[in-house]
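> structure, please.
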Amino acid sequence: MEMSSRYAQWMYDWETRLTSVDNNRVVRPLEWGLDWTEGWPGRNGGPAGSASRDLVEYFSSFNDRIIRDSDSFYSYRKPADFRLERREVQVFSTREVADPRLEEKVRGTYAEFLRFTSPVVTPYRENNLVNARWFPARGRRAVVLLPHWNSDAISYTSLCRMMNYMGIAVLRLSMPYHDIRRPAEIDRADYAVSANIGRTLDSVRQGVIDARCCLDWLEAQGYNRLGIVGTSLGSCYAFIATAHDPRIQVAAFNHASTYFADVVWHGQSTRHIREGLETAISLETCETSGAPSARWCTSTSFRAGRGARSLSMPCTT
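From the prediction side, this is the model:
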């Protein structure tokens, strides 16, 4: 027990050091982001007033409706502009100081990227154009891979190539507000998870739907044995997509958590988000009004037998 306790403390200290390297995390105050709800399925009027308690009630009620009818919330119209684009590989670092070795590593290399317009429209032009690097392989097996929050554009490429060696094609999705989809005004993928409740919810919806669109394209290319792989935030999107898309036959969720709000509140890399939230709302309020967790949205679907064969590695933060 003592050794286990020492190891846990060592892991905590190690992760604290890792997440303290950069000073470009921005603390933003709580914003309810009511405007982000205007285009959501199931919206029926607005809050009773502008007081904090009215907004808490509105988002809590809306969250309950999303859970009850999640198929509608994650429904979409299939894009009509799928195309492959060949371009130079870039890192799109989120570090305060970019690693010149990574920049040099990819300089002059080219790859193919699937591009299409996201069915979820946001105010940011860059974010509305979905990007997924294509790692083709012969056969009928393919997966959509969703990286962790604030990953750069070359993270997981080794894993993609390893799956290629096993005869599995991979679409590595740039999640909302990540790498080439990141608006010029931010240095990190802050808008994907932030103290703006409505925008965070909208980003979850967009990430899930973009992943399902990737499955549409893979099907059109003749792939019929489909899977999904997600890490951290990517595992949240992947888990929800798996529950709502019966085409996903195999799923792997790495560094996953059952409650979205708990990770924001207790996670090391999200300390700055909590700092912006905790002066205005509690963890309990964040759980009921914030982005619905994978567990809430998908439990009914998995119980109904729609879930794929899955492997999940828990989040330890």
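
> where does Asn44 fall, phi/psi-wise?
With angles defined as degrees, to the nearest 10, Asn44 sits at phi -140, psi 90.

> burial of it, as a residue count?
Using other C-beta atoms under 10 Å, Asn44 has 7 neighbouring residues. Yep, even glycine has a C-beta here, placed from its N, CA and C like the rest.

> what's the answer for Arg125, then?
Using other C-beta under 10 Å: Arg125 sits among 9 other residues.

> go on, Arg107?
Counted with other C-beta under 10 Å, Arg107 comes out at 11.

> need the contact list for it.
Arg107 sits next to no residue when contact means C-beta atoms under 8 Å, 6 or more residues apart in numbering.

> not counting its neighbours along the chain, what's nearest Leu55?
The shortest distance from Leu55 to any non-neighbouring residue, by C-beta to C-beta, 6 or more residues apart in numbering, is to Trp32 (4.7 Å).

> so that neighbour touches Ile197, yeah?
Yes. Trp32 is in contact with Ile197 according to C-beta atoms under 8 Å; the separation is 5.4 Å.

> those two: which is more packed in?
Ile197 (26 against 23).

> so the more buried one touches Val56, yeah?
No. Between Ile197 and Val56 there is no contact under C-beta under 8 Å: 9.7 Å.

> who's in contact with the residue nearest to Leu55?
Per C-beta under 8 Å, 6+ apart, neighbours of Trp32: 55, 59, 196-198.

> by neighbours, which of those residues wins?
Ile197 leads the contacts of Trp32 on contacts (other C-beta under 10 Å) with 26 neighbours.

> quick one: pLDDT of that one?
Ile197 is assigned 91 on the pLDDT scale.

> ok, Tyr124 next?
pLDDT, Tyr124: 98.

> tell me the contacts of the spatially closest residue to it that is not a sequence neighbour?
Computed as C-beta to C-beta, 6+ apart, the closest residue to Tyr124 that is not its neighbour in sequence is Pro183, at 4.6 Å. Contacts for Pro183 were tallied using C-beta under 8 Å, 6+ apart; they are 124, 126-127, 177, 191.

> with respect to Tyr76, which of these is nearest?
Asn127 (15.7 Å; C-beta to C-beta).

> neighbours of that closest one, how many?
Applying other C-beta under 10 Å, we find 26 residues neighbouring Asn127.

> roughly how far does it sit from Asp190?
12 Å (C-beta to C-beta, to the nearest Å).

> pull up the overlap in contacts between those two.
Common neighbours of Asn127 and Asp190 (C-beta under 8 Å, 6+ apart) are Tyr177.

> the bottom helix or strand of the protein by mean pLDDT?
helix 294-303 (a mean of 42; mean pLDDT, DSSP states H and E).

> before we move on, back to that, relative to Ile209, how far out is the residue nearest to Leu55?
Distance from Trp32 to Ile209, by C-beta to C-beta: 23 Å.

> cool, and Val250?
Applying C-beta to C-beta to Val250 and Ile209 gives a distance of 20 Å.

> settle it for me: which of those two has more neighbours?
Ile209 (25 against 17).

> pretty sure that one sits against Ser118.
Yes. Contact criterion C-beta under 8 Å: Ile209 and Ser118 qualify, at 7.1 Å.

> ok, now which ones touch the nearest residue to Gly230 once chain neighbours are set aside?
Distances taken as C-beta to C-beta, 6+ apart put Ala238 closest to Gly230, at 3.0 Å, once the chain neighbours are dropped. The contact partners of Ala238, taken as C-beta under 8 Å, 6+ apart, are 144, 146, 211, 228-230, 251, 253.

> phi, psi for Ala238 please.
phi -70, psi -40.

> put together a markdown table for the contacts of Pro183, with secondary structure and distance to Gly222 on each row.
Listed next are the contacts of Pro183 as a markdown table, based on DSSP: H, G, I helix; E, B strand; the rest coil; distance: C-beta to C-beta, whole Å:
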| residue | secondary structure | distance to Gly222 |
| --- | --- | --- |
| Tyr124 | coil | 33 |
| Glu126 | helix | 31 |
| Asn127 | helix | 30 |
| Tyr177 | coil | 31 |
| Tyr191 | coil | 35 |
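
> what are the C-alpha coordinates of whichever helix or strand Val263 is part of, in CSV please?
Secondary structure assignment for Val263, by DSSP states H and E: helix 260-266. Extracted as CSV, the C-alpha positions of helix 260-266 are listed here (Å, rounded to 0.1, in the frame of the first residue of the first chain):
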residue,chain,number,x,y,z
PHE,A,260,-16.4,15.0,-18.6
ALA,A,261,-16.7,17.6,-15.8
ASP,A,262,-14.6,15.5,-13.3
VAL,A,263,-11.7,15.6,-15.7
VAL,A,264,-12.0,19.4,-16.2
TRP,A,265,-12.2,19.9,-12.4
HIS,A,266,-9.5,17.5,-11.3
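
> after it, which helix or strand is next?
From helix 260-266, the next helix or strand downstream (DSSP H and E) is helix 271-277.

> please, where are all the strands along this protein?
Assigned by DSSP state E, the chain shows strands spanning 83-88, 110-117, 129-135, 141-146, 169-174, 225-231, 248-256, 309-314.
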